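Peer 1: Give me the fold of what follows.
(2 chains)
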Amino acid sequence: MLLAERQHSPADEENCFWLLCAIVDQLTPDYYNAALSGVRTDFLVLERLLREHPTLSDMPAILDERGVDISILATPWLMVAFANALPPVQLLRAWDLFFVAGSRALLAMGLAIIQLQAPALRQTSSFDEAYPLMTELRPARYPGLPEPNSTSTRGKGLYDGTFWCDRADEVLPTEPLLSAALEELQRLSPQRLEELRVEARRAQKEDEGPKGRLELKAFDERRQKLLETARGHAATVAVLASVGFDPHGCPHRWASSEACFLRSTLRLSTATRVGELHLLSDDATAAPIIGTYLRGLKLSAIDGLDDGSRRRLHRVRFRLKATAQPVVMTRDAAVKAESPPRSLTKLSPLSPSGRLEPGPVLWAAMRVQAEEAEEARLKAAQHVSEKQAAVIAAMLAEAEAAGPDSIDTDSDPDPDP
Amino acid sequence: MSYAYLFKYIIIGDTGVGKSCLLLQFTDKRFQQVHDLTIGVEFGARMITIDNKQIKLQIWDTAGQESFRSITRSYYRGAAGALLVYDITRRETFNHLTSWLDDARQHSNSNMTIMLIGNKTDLEHRRAVSFEEGQQFANEHGLIFLETSAKTAANVEEAFINTARRIYEKIQQGVFDVSNESFGIKVGMAAQQTGSVNVSIQGQQRSSSGCC
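Peer 2: Residues are numbered from 1 along each chain as shown, chains lettered A, B, ... in the order given. Sure, this is the predicted structure:
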């Protein structure tokens, strides 16, 4: 949207659209749905992170005493990604981090701000003193701002046109702020964040009373069932592979054996299957698999679906389209690249002028991220192969005991191993 | 600046009824034609004088969109006054008042002073809710009522100040324990100096010891 406003060419508008899709569907978890549930989850997470923080554990109590409910920070920080809080240079760095690490970066940036402002915050005695320390980190006066002495917080935003003015003034020093943010980012692994979110969501559902608890139960059961089915198919595929069945030779050119078993697990013949697909698409590891699956999917298979299912399917496709312009680089690319990759150049609002290309901080962050991703991938691959080997061994032993004809070589096997 | 009391206000009502414009008119004395959506909550503050006492109004201007209601509900906590706003040219904003009032009553302290405001009287030719209907709703629910125009500034001062006066009267009558900040009232240094109001010792200690 930002880009569309700046440069009125149709091509940019399309980029903006996909950027918006990426922000809404990829970078933030349910921040912009009808109930803003992701935002509500994340301010609970933020509070928890503060309580468990090595140096900031006194902050929730201090903020509460001054009437600063953490939920108030949700909008200036999480929903608009600091757009109204930070001065331009720091804001663009914060957005760099955001495009690399998603909403995790927003939480890290929030913690960094509190970290740097903690001494001042401890000295405050009222809401009026404490709140601006966290949300008004730009110099009070900007050239062109109509009412510099306005007592209202409104109109000091991105929209007033002063945002792009070339000012280096800042309330907080840039380097310490970004180092603190990076440190927080490293401390908060994606897995840890996911755990915290799941706990927060469960707490929210519990709070919603009987209806929420029922939903929670249904969700758990559905997930469990799906996992069991998937495990069953993994075992079957392993057996198939062991007897020489080549998953890559599938009619739809499945890229992997996982996609092959997903084909049978997630047949799009019924609406519930789409529901499951949607459920799986929330899981980061499942996204590429489903991507492969959907690319192979014929449109005719969707015709039989009801409107709700089709909408859900389109949401999944949107996500995948947005992923098609990857924001995260592989490790090799990050090490080799001397200039920002094309996808990032496009995402950085000020890069055309050449003045505000991703700086050393962003590059460091991207490397860390790429290494983490690589490590996780290797770990996962090892885990899968170990598991598969065990499963194959067990099944082969069983098959051998039962006789040579018992191995099922059907390409669309029964869910049970 | 020192004040005798600080009152926390919250402005609520459907989206586009003019909540932010009322605040802007009150704090900055200007009107903004463009509808700029409030995200979550915005803050404003102004000093007023009642009975020769300086009173600081800290105003929370909330987002009216349905999505935000799950978040803004927590902002009712500790509000001394609420301005419940509807748009006299859009009937549905008047019809939704009950739901807003339920929310306000459920999530605030029971002594919160609520003022009902029918905004946009400058658009008299498009009026869809009569003054009498507004007045009747207010009477039925025990609210104070005013019609305003954030554009022409008509009654805007009165809306905020009358609410403050009502809260001030309640303090005088001893309705609130002003040392308890959950009522949205804070005793400032000025009240302590003049000593003309019978405020609890505890409240004074809190505001002075908390200061750096």
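Peer 1: residue in chain B nearest to chain A?
Peer 2: Nearest residue of chain B to chain A: residue B:40, at 2.7 Å (Cβ to the nearest Cβ). Where you see a C-beta, it was placed from the backbone N, CA and C, and this is true even at glycine.
Peer 1: surely that residue meets residue B:69?
Peer 2: No: Residue B:40 is beyond contact range of residue B:69, at 11.3 Å (criterion: Cβ atoms under 8 Å).
Peer 1: who's more crowded, these two?
Peer 2: Taking other Cβ atoms under 10 Å in any protein chain shown, residue B:40 and residue B:69 do not tie; residue B:40 has more neighbours (22 against 17).
Peer 1: List the residues that contact the more buried one.
Peer 2: Neighbour list for residue B:40: A:72, A:74, A:75, A:76, A:79, B:62, B:63, B:68, B:71, B:72 [criterion: Cβ atoms under 8 Å, 6 or more residues apart in numbering or on different chains].
Peer 1: out of everything not next to it in sequence, what's closest to residue B:18?
Peer 2: residue B:119 (4.2 Å; Cβ to Cβ, 6 or more residues apart in numbering or on different chains).
Peer 1: ok, now which ones touch the one you found?
Peer 2: Contacts for residue B:119 (Cβ under 8 Å, 6+ apart) come out as B:17, B:18, B:21, B:22, B:85, B:86, B:87, B:88, B:147, B:148, B:149, B:150.
Peer 1: again, only this time at 10 Å
Peer 2: B:13, B:17-19, B:21-22, B:83, B:85-89, B:93, B:146-151, B:155-156, B:159 (Cβ atoms under 10 Å, 6 or more residues apart in numbering or on different chains).
Peer 1: if we can go back for a sec, now neighbour count and pLDDT too, for the contacts of residue B:40, in CSV please.
Peer 2: CSV is the format used below for these (neighbours: other Cβ atoms under 10 Å in any protein chain shown; pLDDT from 0 to 100):
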residue, neighbour count, pLDDT
A:72, 23, 88
A:74, 25, 83
A:75, 23, 82
A:76, 25, 84
A:79, 20, 88
B:62, 23, 92
B:63, 22, 91
B:68, 23, 88
B:71, 23, 84
B:72, 23, 84
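Peer 1: In strands, which of those residues appear?
Peer 2: residue B:62 (DSSP state E).
Peer 1: Can you report how many residues lie near the residue of the stretch 201-350 of chain A found nearest chain B?
Peer 2: Nearest residue of the stretch 201-350 of chain A to chain B, counting by Cβ to the nearest Cβ: residue A:204, 9.8 Å away. Neighbours of residue A:204 under the rule other Cβ under 10 Å: 17.
Peer 1: got the buried residues for the helix or strand hosting it?
Peer 2: In the assignment (DSSP states H and E), residue A:204 maps to helix A:190-207. When neighbours are counted by 16 or more other Cβ atoms under 10 Å in any protein chain shown, the buried residues of helix A:190-207 are found to be A:193, A:196, A:197, A:200, A:201, A:204, A:205.
Peer 1: try stretch B:41-48
Peer 2: So for stretch B:41-48, counting by 16+ other Cβ under 10 Å, buried means B:41, B:42, B:43, B:44, B:45, B:46, B:48.
Peer 1: my guess is the last one is in a strand, correct?
Peer 2: Yes: counting by DSSP: H, G, I helix; E, B strand; the rest coil, one finds residue B:48 located in a strand.
Peer 1: Report the beta-bridge partner residues of it.
Peer 2: residue B:55 (DSSP bridges).
Peer 1: wait, what's in contact with the residue of the stretch 51-200 of chain A found nearest chain B?
Peer 2: For the stretch 51-200 of chain A and chain B, the shortest gap (Cβ to the nearest Cβ) falls at residue A:75, measuring 2.7 Å. With contacts defined as Cβ under 10 Å, 6+ apart, the neighbours of residue A:75 are A:36, A:39, A:43, A:84, A:135, B:38-42, B:63, B:68, B:71-72.
Peer 1: and the residue of the stretch 201-350 of chain A closest to chain B, what does it touch?
Peer 2: By Cβ under 10 Å, 6+ apart, the neighbours of residue A:204 are A:35, A:37, A:40, A:41, A:44, A:212, A:216, B:70.
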